[in-house]
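Visitor: Give me coordinates for this.
(chains A and B)
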2 protein chains.
Amino acid sequence: MSWFGLFGSEKKSSASQAKERLQILISHERHNRSGPDFLPELQREILQVVKKYVSISDDQVSIRLDRQGDSSILELNVILPEN
Amino acid sequence: MSWFGLFGSEKKSSASQAKERLQILISHERHNRSGPDFLPELQREILQVVKKYVSISDDQVSIRLDRQGDSSILELNVILPEN
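Guide: Numbers count the residues shown, from 1 in each chain, chains lettered A, B, ... in the order given. Predicted structure coming up:
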């Protein structure tokens, strides 16, 4: 299947539609809950990596972390600056 | 909306269902195509970050890059080792 419709469908009414966007979704499915939850740290480091490629400030990034049962999903949305 | 059903729906028939899984989706939507496509480099660096948190080898990672119009979607699927 294609993820394209999926990513696009949430933002159709957004004014940012004409902007360049980067969205990162991290899904962590754990069946053994004894290990550490590394998503918050992972999020911080992935943002640092992204910043090496595009010049963004923290207020251009919106972050959401959802937990449900054994799954955690971290969603990073970045509106990239016009060059 | 929730991404949970979404991430899970592709893998229901997989034998890896009982394993711990990490999935990373990166969507890059570009309306000005003059800039460099940094997704392949980003993929490499994000994998390096993930490897700091979980011990995985390259053959535990499947990677897919789809391009369609102005959008690129990079999908990293990792089956995590049992501890």
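Visitor: Low-confidence stretches in chain A?
Guide: A:1-18, A:32-35, A:82-83 (pLDDT under 70).
Visitor: repeat that for 80
Guide: Filtered on pLDDT under 80, chain A yields the residue ranges A:1-19, A:31-36, A:81-83.
Visitor: In it, which helix is the longest?
Guide: helix A:39-53 (DSSP state H).
Visitor: Which secondary structure elements does it sit against?
Guide: strand A:20-29, strand A:61-68, strand A:71-80, helix B:39-53 (3 or more C-beta pairs under 8 Å, 6 or more residues apart in numbering or on different chains; DSSP states H and E). The way it works is simple: take the backbone N, C-alpha and C, and place the C-beta from them, glycine included.
Visitor: closest one to B:Arg30 among those?
Guide: strand A:20-29 (5.3 Å; C-beta to C-beta).
Visitor: Within the sheet, what are the partner strands of the closest one, with directions?
Guide: Looking at strand A:20-29 with DSSP bridges, its partner strands are strand A:71-80 (antiparallel), strand B:20-29 (antiparallel).
Visitor: which of the ones you listed sits most buried?
Guide: Mean neighbour count (mean count of other C-beta atoms under 10 Å in any protein chain shown) peaks for strand B:20-29 among those, with a mean of 22.
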